[in-house]
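Participant: below: sequence and its predicted model.
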Amino acid sequence: MGDVLQQKTYTIDFLTKKRVKNDGIVPQYYIEDDHEAIIPKELFYQVQEEKARRASLSKTAVARRAKQEQEKEKSKYSSKFALSDIMVCKECGQPYRRQVWSKYGQKSAVWRCENRLKNGTKNCKHSPTFKEAVLHEAVMTAINSVVENRGEFVGAFRENVIRVIGSYSTKNVPTEYDGQIEKLQGEMLALIEENAQRGAVIEDFDARYKGISEQINALKQKKLEMVREQKMAENFQQRLDDMDACLKKTTCEVREFDNDLVRRLLQSVKAVKDDLIELQFKSGIVMNQRVSYFDY
């Protein structure tokens, strides 16, 4: 339906690129309308209701309640700060959280390991505390070093930007495929309603549903390619030329901390020690960045 849940897995070894399932070690966040949808959201939710109805035929009420509580616990966290979504402690792997400290009437924001906040030094003895201003400065320094013309950095960054500006939405763009897609979506909805009314699973429901879904997906892809070709012809090359011109200038920098930019470019930030963080860019770059140490 066009939404995405980010960080379902996370990297445990940046050298081998080994990833494992995220069972709450690092934060996840949900983005609506991230990419082109295959089916409308209302249809997606109706399918989920039908799946839940089937599952309830073989599960007790106690088991269902337990699962609901578990899902509720998983989804309760969200944050307006970009670093809350991606920053973790190198030592224990737990998320970093923003706090506001007050000293002599002066307030300042700092970032600390959540494990250290809850349990003291019992499970995490050496996690550093960062003043927000210097942490933001370090993150932006790292991002700007990628923007500068430095061989593999600029190459990987350029490819990432091309991927972003080359991703187009087909929403509200009429094409010759719209009628066929709408007809198939209607067939899918009718199939779900028929199955729900019978009160039992139709024998060939899964096969019919899968067939319709594959047809919709194929048509959606054709529509996306058509729209992308049209829009690339209109302004893709100009945007590419503008980006290349920007990358050639040493003054092409983003000076202020930008939450949206950080979310788009960074996969994770690890607090290593008092004066060092490790950043992984979504383009695949992993780098260390010094942080100005302070004693508070």
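Facilitator: Yes, it's here. What you see is a predicted model; the values in this text were computed from it and never measured.
Participant: which phi and psi does Gly2 have?
Facilitator: Gly2 has phi and psi values of phi 90, psi 0 when expressed as degrees, to the nearest 10.
Participant: residues contacting it?
Facilitator: When contacts are counted by CB atoms under 8 Å, 6 or more residues apart in numbering, Gly2 touches 32-38, 41. Any C-beta I mention is one placed from the backbone N, CA and C, and that applies to glycine too.
Participant: among these, name the buried ones.
Facilitator: Buried residues within these, counting neighbours by 16 or more other CB atoms under 10 Å: 36-38.
Participant: circling back to that earlier point, between the contacts of Gly2, which is nearest Ile86?
Facilitator: When the contacts of Gly2 are compared for distance to Ile86 (CB to CB), Asp34 comes out closest, at 16.3 Å.
Participant: so the closest one sits in a strand?
Facilitator: No. Under DSSP: H, G, I helix; E, B strand; the rest coil, Asp34 sits outside any strand and is assigned coil.
Participant: that one contacts Val4, correct?
Facilitator: Yes. Checked against CB atoms under 8 Å, the pair Asp34 and Val4 is within contact range at 4.1 Å.
Participant: would you map the helices across the stretch 51-200 of the chain?
Facilitator: Secondary structure of the stretch 51-200 of the chain (DSSP state H, counting those that start in this stretch): helices at 61-74, 82-86, 114-119, 132-147, 152-165, 178-198.
Participant: now Lys125, nearest residue through space, not along the chain?
Facilitator: Glu91 (7.4 Å; CB to CB, 6 or more residues apart in numbering).
Participant: what's the burial count for the one you found?
Facilitator: The criterion is other CB atoms under 10 Å. On that basis, Glu91 has 19 neighbouring residues.
Participant: and the gap between it and Phe130?
Facilitator: Glu91 is 14 Å from Phe130, where distance means CB to CB, to the nearest Å.
Participant: point out where the stretch 101-250 of the chain drops to low pLDDT.
Facilitator: Per-residue confidence for the stretch 101-250 of the chain (pLDDT under 70) gives these ranges: 147-172, 199-202, 230-240, 242-250.
Participant: quick one, what contacts the residue nearest to Lys125?
Facilitator: By CB under 8 Å, 6+ apart, the residues touching Glu91 are 113, 124-127.
Participant: I'd like to know how far it sits from Arg228.
Facilitator: Distance from Glu91 to Arg228, counting by CB to CB: 44 Å.
Participant: same thing with Val47?
Facilitator: Counting by CB to CB, the gap from Val47 to Arg228 is 28 Å.
Participant: and Gln48, by the same measure?
Facilitator: Gln48 sits 30 Å away from Arg228 when distances are taken as CB to CB.
Participant: neighbour-wise, which of those two wins?
Facilitator: More neighbours surround Arg228 than the other of Gln48 and Arg228, with 15 against 11 (other CB under 10 Å).
Participant: what helix or strand does the more buried one sit in?
Facilitator: For Arg228, the element it lies in under DSSP states H and E is helix 205-231.
Participant: for Asn288, same thing?
Facilitator: Assigning secondary structure by DSSP H and E places Asn288 in strand 286-290.
Participant: show the average pLDDT along that strand.
Facilitator: In this model, strand 286-290 carries a mean pLDDT of 90.
Participant: could you list everything the closest residue to Leu265 other than its chain neighbours pairs with in the sheet?
Facilitator: On the basis of CB to CB, 6+ apart, the spatially nearest residue to Leu265 that is not a chain neighbour turns out to be Phe281, at 5.8 Å. Applying DSSP bridges to Phe281 gives these bridge partners: Leu266.
Participant: you'd agree Gln46 is in a helix?
Facilitator: Yes. When classified by three-state DSSP, Gln46 is found to be part of a helix.
Participant: next up, the contacts around it.
Facilitator: 189, 192.
Participant: cool, Arg263 as well?
Facilitator: Contacts for Arg263 were tallied using CB under 8 Å, 6+ apart; they are 82, 85-86.
Participant: same thing but at 6 Å, please
Facilitator: If you count contacts by CB atoms under 6 Å, 6 or more residues apart in numbering, Arg263 has them with Ala82.
Participant: surely it forms part of a strand?
Facilitator: No. Checked against three-state DSSP, Arg263 lies outside a strand; its state is helix.
Participant: re earlier: could I get the contacts of Gly2 as TSV with pLDDT and distance to Glu187?
Facilitator: Formatted as TSV, the entries for those read as follows, by pLDDT from 0 to 100; distance: CB to CB, whole Å:
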residue	pLDDT	distance to Glu187
Glu32	73	26
Asp33	74	25
Asp34	74	26
His35	75	24
Glu36	74	20
Ala37	78	17
Ile38	76	14
Lys41	75	18
